[in-house]
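> please find the sequence and the predicted model below.
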Amino acid sequence: MNKIITISRQFGSGGRELGCRLADQLGAAYYDQEIIIEISKRTRLSEQYIQNVMEKRPYIAYPITVAHSFSLPANDINFQMNLEIFQTQKQIIEEMAGKSDCIFVGRCADYILRDREPFRIFVYADMDSRIERCRQRASAEEHLSDREIRHNIEQIDRNRARYYSFHTDQKWGDRANYDMCLNTSRFELKQLTRMLAAFLS
């Protein structure tokens with residue numbers, strides 16, 4: 001059976017970079033943005049639209065006349081599209097996992113591939129470290145205050161948590177759902193990658 005590693009991460013924690021570096025160290029396939037590109041090809045939806053959908057919990061617009069009934073409106077096109085995207089994502093992830101050793105970043109891959117028993121990692125960091133990492137990655141045109149960066153980080157994490165909870169019925173970031181939780185606050189990602197690769201080899 002292929003070795004499968006899934007990485008869930010707080011925004012600004014360096015989880016994406018860690019996953020990419022780890023894939024190079026282990027000689028494994030790396031899947032992140034590649035999943036969105038493939039969904040776009042299969043659904044003919046724009047990559048930006050798909051990315052926005054995947055960062056949020058599907059929205060159910062109940063009509064005013066719903067009263068005490070909370071059944072799903074059959075004509076809620078946006079909600080149905082969200083579910084369709086997730087099902088396409090699920091199919092693609094399962095196909096990719098069957099090809100070779102691989103690392104998935106986000107995309108609910110830890111839950112989707114649970115029957116394949118992946119090694120599930122959650123990457124987190126303290127807020128100061130996340131703000132600093134965001135500053136290092138920002139373009140020269142960005143001039144956000146620490147308060148604004150913090151707000152963006154918290155909003156993205158809330159969206160990820162809601163999306164994950166909706167599709168998995170599990171709590172995003174709950175250590176009980178992962179095999180390893182990594183705090184990147186005190187480590188250089190290169191150093192942490194070498195340590196993690198040695199552990200997983």
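Received the coordinates, thanks.
> so which helix or strand takes in residue 187?
Assigned by DSSP states H and E, residue 187 belongs to neither a helix nor a strand.
> burial measure for it, as a count.
Look at residue 187: counted by other C-beta atoms under 10 Å, it has 17 neighbours. Every C-beta, even on glycine, is put in place using the N, C-alpha and C of the backbone.
> which residues in this structure form strands?
4-9, 29-31, 102-105, 119-124, 180-183 (DSSP state E).
> name the surrounding residues that touch the second one.
It stands for strand 29-31. With contact meaning C-beta atoms under 8 Å, 6 or more residues apart in numbering, strand 29-31 is reached by 19-20, 23-24, 93, 96, 99-105, 107, 109.
> try 7 Å this time
19, 20, 23, 96, 99, 100, 101, 102, 103, 104 (C-beta atoms under 7 Å, 6 or more residues apart in numbering).
> can you mark which positions in the biggest helix by length in the chain are buried?
Secondary structure assigned by DSSP state H gives helix 146-168 as the longest helix of the chain. Residues of helix 146-168 classed as buried: 149, 150, 153, 157, 159, 160, 163, 164, 166, 167 (neighbour count, 16 or more other C-beta atoms under 10 Å).
> hmm, which two among these are most spread apart?
149 and 167 (27.6 Å; C-beta to C-beta).
> packing partners for the helix or strand bottoming out on mean pLDDT in the chain?
Using mean pLDDT, DSSP states H and E, the weakest-scoring helix or strand in the chain turns out to be helix 47-54, at a mean of 83. Using 3 or more C-beta pairs under 7 Å, 6 or more residues apart in numbering; DSSP states H and E, the elements in contact with helix 47-54 are helix 33-43, helix 77-97.
> contacts only, for the residue nearest the centre of the chain.
For the chain, the residue sitting closest to the mean C-alpha position, by C-alpha atoms, centre = their mean, is residue 106 at 2.3 Å. By C-beta under 7 Å, 6+ apart, the residues touching residue 106 are 8, 32.
> roughly how far apart are it and residue 99?
19 Å (C-beta to C-beta, to the nearest Å).
> how far away is the closest residue to residue 124 other than its chain neighbours from residue 194?
The shortest distance from residue 124 to any non-neighbouring residue, by C-beta to C-beta, 6 or more residues apart in numbering, is to residue 10 (4.7 Å). Going from residue 10 to residue 194 by C-beta to C-beta gives 22 Å.
> between those two, which one's more packed in?
Using other C-beta under 10 Å as the criterion, residue 10 and residue 194 rank with residue 10 on top: 23 against 14.
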